[in-house]
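Asker: With the sequence up front, the predicted model follows.
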Amino acid sequence: TFSVTTYYSSTDDTLVATGSGGSITASPSTITVSSVAASSTVVQATGVTYTITFTPKNNLPSNGVIRVGVPLAITANLSAINSTSCTAGTTVLATVNCGSTTNSTLSLINFTIPSGATVGTSFSVQVQSIFTNPISTEPVSSFTIETFSSGGFLIDRVLSGISIAMATPAPFTNIALTRSNLTNNGVGSYTFRLNQVSTLASGSKLLITFPNEVVAQSSYSCTDLSSITTTCSFNGQVLTANIPSSATSSNFGVVVTSVLNPPSLQPSSKFSFSSQTPTGSLYSKTINNISVTNTQASSFPILTGAFSAKMLGTANNLTLTFTPTTPITGWLLATLADSFTVSTLACISYTGTCSASGKVLNISGNFNTGSNSITISGLTSPNSPPSDFTSIVSYDASGYVIDSNTNTIIFSPACTLPCRTCVTDLVTCTSCYNNSAISSSAYYLSSSNSCLVNCPTGYFADSTNLDAPPVALPAILVRGPYPIAPAVLLLQH
């Protein structure tokens with residue numbers, strides 16, 4: 001309150017009148033230099049210390065108060081403030097008394113400064129270990145700073161422009177991936193299920209970076225974990241999927257259909273994940289987290305084996321014709337059935353590398369996804385129709401299996417025993433085996449197109465039948481008046 005006194009004149013100090021009234025309220029000065037720092041800038045980190053630094057525009061008297069407002073996006077456990085929580089000072093922060101309250105937008109913390117603060121000197125206040133960081137990397141503003149006299153009168157203030165942003169998204173608390181198909185090059189659905197600490201706002205998105213070995217097909221689609229269709233799209237290997245508003249931070253994700261598995265049993269490169277706010281800031285991010293490993297080799301889409309001689313106990317070549325599911329970057333392993341006898345296996349007229357070890361042939365070369373053919377020599381067919389198979393397995397450059405067929409190629413003689421050669425019905429013989437290890441029916445009776453153990457009455461063995469192939473074959477029986485002899489007889493004229 002102002003006091004007013006009037007006098008008679010400048011030379012006569014006779015009191016004329018006196019009175020009081022009126023007042024003036026000064027506006028606080030604006031603090032122009034201020035900043036805020038956190039001991040951790042990880043989203044949703046707990047037990048964080050915040051330090052606010054500013055330069056006063058006016059002196060802060062002894063026992064003056066500095067009031068700091070902290071945005072409610074930063075959770076403050078005000079009940080945890082105690083006698084050692086608050087510090088303040090210029091070059092050294094000393095413990096000071098502090099108290100707290102809240103309003104609709106801020107947590108307010110009052111620091112009582114016994115020594116005051118000097119104009120133009122940088123001053124800091126700090127509250128230790130009571131804060132939980134914001135839910136995303138989106139900038140949070142504004143902190144406020146106000147200074148008061150010990151009597152509570154406002155001196156300096158700044159109410160806007162002080163913000164902080166988290167530098168590091170929180171890691172996901174859990175990530176799980178399940179697949180409907182575990183076969184090399186198989187197509188199936190991939191189900192991603194995630195948990196995070198931060199609450200999801202409506203309009204949030206999930207981003208998943210697929211490894212190069214895992215490729216969504218053009219027919220892909222997405223549903224949420226409740227099998228409700230959701231919007232999603234790929235940009236290169238990055239999937240962006242809308243998170244439905246019904247999802248919770250403890251259980252959300254996406255199911256992606258028509259995804260092509262890696263080409264071999266080699267573990268894939270790793271997936272990366274992030275979740276975004278509606279404005280594009282990050283809640284959580286985890287890179288290089290999980291990979292997928294197939295458990296089942298694929299089969300060659302086309303695989304045939306053709307033997308040059310479909311007779312038992314005979315030297316043979318095997319021609320493999322195959323189409324791989326993916327180009328073979330490593331090698332092909334052909335393992336002959338145990339029933340074969342081998343000398344030295346080799347590849348005929350082949351320009352790649354072909355090496356043998358026993359009944360195993362290691363073949364490397366340029367095998368594309370078209371038709372490929374290799375002919376293997378050095379094998380002899382078994383003496384009886386076998387039940388075992390020749391296996392063909394392809395490998396990538398790291399030695400992991402791509403395609404594998406173990407029950408496709410089996411040797412099957414062209415004719416039913418005891419025929420060595422036959423006509424199309426398989427049992428009408430045109431020649432017989434002259435090898436008792438294969439068949440004891442070594443005598444061919446041309447009149448019945450059959451192979452016999454012994455010559456019947458009225459027949460004798462004859463090795464001069466010109467209809468027989470010009471190789472060492474069993475004797476041919478012809479009708480004649482001569483008795484059957486234990487040795488081969490020639491016809492007499």
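Answerer: That came through, no problem. Numbers count the residues shown, from 1 in each chain.

Asker: Count the neighbours of Asp338 for me.
Answerer: Asp338: 12 surrounding residues under other CB atoms under 10 Å. C-betas here are computed from N, CA, C, even on glycine.

Asker: check contacts around Ser35.
Answerer: Contacts of Ser35 were listed using CB atoms under 8 Å, 6 or more residues apart in numbering, and they are 52-54, 162.

Asker: which two in the residues you listed are spaced the farthest apart?
Answerer: Farthest pair in the contacts of Ser35 (CB to CB) is Thr53 and Ile162. Separation: 10.2 Å.

Asker: Give me the more crowded residue out of the two.
Answerer: When neighbours are counted by other CB under 10 Å, Ile162 comes out ahead of the other of Thr53 and Ile162, with 21 against 15.

Asker: which one is that one nearest to, not counting chain neighbours?
Answerer: By the measure of CB to CB, 6 or more residues apart in numbering, the closest residue to Ile162 outside its immediate chain neighbours is Phe143, 4.0 Å from it.

Asker: Check the gap between that neighbour and Ser29 for me.
Answerer: Distance of Phe143 to Ser29, given as CB to CB, to the nearest Å: 18 Å.

Asker: Which one's more surrounded, these two?
Answerer: Phe143 (24 against 16).

Asker: mind checking how far the more buried one is from Thr53?
Answerer: 11 Å.

Asker: same question, Ser39
Answerer: 14 Å.

Asker: Sitting in helices, which of the contacts of Ser35 do you find?
Answerer: Assignment to helices by DSSP state H places none of the contacts of Ser35 there.

Asker: JSON lines for the residues you listed, including pLDDT and distance to Thr25?
Answerer: Formatted as JSON lines, these follow (pLDDT from 0 to 100; distance: CB to CB, whole Å):
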{"residue": "Ile52", "pLDDT": "96", "distance to Thr25": "27"}
{"residue": "Thr53", "pLDDT": "96", "distance to Thr25": "29"}
{"residue": "Phe54", "pLDDT": "95", "distance to Thr25": "23"}
{"residue": "Ile162", "pLDDT": "96", "distance to Thr25": "25"}
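
Asker: Which member of the residues you listed is positioned nearest Phe2?
Answerer: For these, the nearest to Phe2 is Phe54 (33.3 Å; CB to CB).

Asker: Can you spell out which residues form a bridge with the closest one?
Answerer: Ser34, Phe123 (DSSP bridges).

Asker: Take the contacts of Ser35 and lay them out in JSON lines including distance to Val70.
Answerer: Supplementary listing: these in JSON lines, determined by distance: CB to CB, whole Å:
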{"residue": "Ile52", "distance to Val70": "9"}
{"residue": "Thr53", "distance to Val70": "14"}
{"residue": "Phe54", "distance to Val70": "14"}
{"residue": "Ile162", "distance to Val70": "10"}
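
Asker: buried sites along stretch 141-156?
Answerer: Applying a neighbour-count criterion of 16 or more other CB atoms under 10 Å, one finds 142-149, 154-156 buried in stretch 141-156.

Asker: next one: stretch 165-179
Answerer: So stretch 165-179, judged by 16+ other CB under 10 Å, has buried residues 166, 169-172, 175, 177, 179.

Asker: Could you report the neighbour count for Gly399?
Answerer: Gly399 has 11 neighbouring residues, counting by other CB under 10 Å.

Asker: thought it was touching Thr329?
Answerer: No: the criterion here is CB atoms under 8 Å, and Gly399 misses it with Thr329 at 10.6 Å.

Asker: Nearest to Ala241 among the contacts of Ser35?
Answerer: Ile162 (35.9 Å).

Asker: and that closest one, what is it in contact with?
Answerer: 34-36, 52, 141-145.

Asker: Make a markdown table out of the residues you listed and add distance to Val423.
Answerer: Shown next, in a markdown table, are the contacts of Ile162 (distance: CB to CB, whole Å):
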| residue | distance to Val423 |
| --- | --- |
| Ser34 | 103 |
| Ser35 | 99 |
| Val36 | 97 |
| Ile52 | 102 |
| Ser141 | 95 |
| Ser142 | 98 |
| Phe143 | 99 |
| Thr144 | 104 |
| Ile145 | 106 |
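
Asker: any idea which of the residues you listed is closest to Cys98?
Answerer: Using CB to CB, the contacts of Ile162 come closest to Cys98 at Ile52, 12.2 Å.

Asker: And that closest one, how close does it get to Leu93?
Answerer: On the measure of CB to CB, Ile52 and Leu93 end up 11 Å apart.

Asker: Could you do Ser115 as well?
Answerer: From Ser115 over to Leu93 (counting by CB to CB), the distance is 12 Å.

Asker: what do you get for Ile109?
Answerer: 14 Å.

Asker: Spatially nearest residue to Cys98, not counting backbone neighbours?
Answerer: In space, Cys98 is closest to Cys86, 3.5 Å off (CB to CB, 6+ apart).

Asker: contacting residues around Thr209?
Answerer: Contacts of Thr209 (CB under 8 Å, 6+ apart): 237-239, 271-273, 287.

Asker: what pairs with it across the strands?
Answerer: Thr209 has these beta-bridge partners by DSSP bridges: Val238, Ser272.

Asker: Do you know the pLDDT at it?
Answerer: Note on Thr209: pLDDT of 98.

Asker: For stretch 277-288, buried residues please.
Answerer: Per 16+ other CB under 10 Å, stretch 277-288 contains these buried residues: 277, 281-286.

Asker: same check, this time on stretch 236-245
Answerer: Neighbour-count burial for stretch 236-245 [16+ other CB under 10 Å]: 237, 239-244.

Asker: now, which of the residues you listed sits nearest Gln128?
Answerer: For the buried residues of stretch 236-245, the closest approach to Gln128 (CB to CB) belongs to Ile243, at 35.6 Å.

Asker: Is that closest one in contact with Pro278, as I believe?
Answerer: No: between Ile243 and Pro278 there is no contact under CB under 8 Å: 10.0 Å.

Asker: So for those two, which residues contact both of them?
Answerer: Common neighbours of Ile243 and Pro278 (CB under 8 Å, 6+ apart) are Ser204.

Asker: Just name the closest of the buried residues of stretch 141-156 to Thr231, please.
Answerer: Of the buried residues of stretch 141-156, the one sitting nearest to Thr231 (CB to CB) turns out to be Ser142, at 34.8 Å.

Asker: Tell me who's in contact with the closest one.
Answerer: 71, 159-163.

Asker: distance of Tyr50 from Val401?
Answerer: Counting by CB to CB - Tyr50 and Val401 are separated by 56 Å.

Asker: Need the per-residue pLDDT for Val427.
Answerer: 89.

Asker: now swap in Leu489 and tell me
Answerer: 34.

Asker: The residue nearest to Leu200 when sequence neighbours are not counted: neighbouring residues, count only.
Answerer: Distances taken as CB to CB, 6+ apart place Ser249 nearest to Leu200, at 5.2 Å, with adjacent residues excluded. The tally of other residues near Ser249 (other CB under 10 Å) stands at 20.

Asker: wait, doesn't Ser249 sit right on Ala201?
Answerer: No: contact criterion CB under 8 Å: Ser249 and Ala201 do not qualify, at 10.2 Å.

Asker: Identify the farthest-apart pair in the buried residues of stretch 165-179.
Answerer: Met166 and Arg179 (33.7 Å).

Asker: any idea how far the nearest residue to Ser245 once chain neighbours are set aside lies from Asn242?
Answerer: Among residues not flanking Ser245 along the chain, Ser202 sits closest, at 4.3 Å (CB to CB, 6+ apart). Distance, Ser202 to Asn242, using CB to CB: 10 Å.

Asker: Thanks a lot, catch you later.
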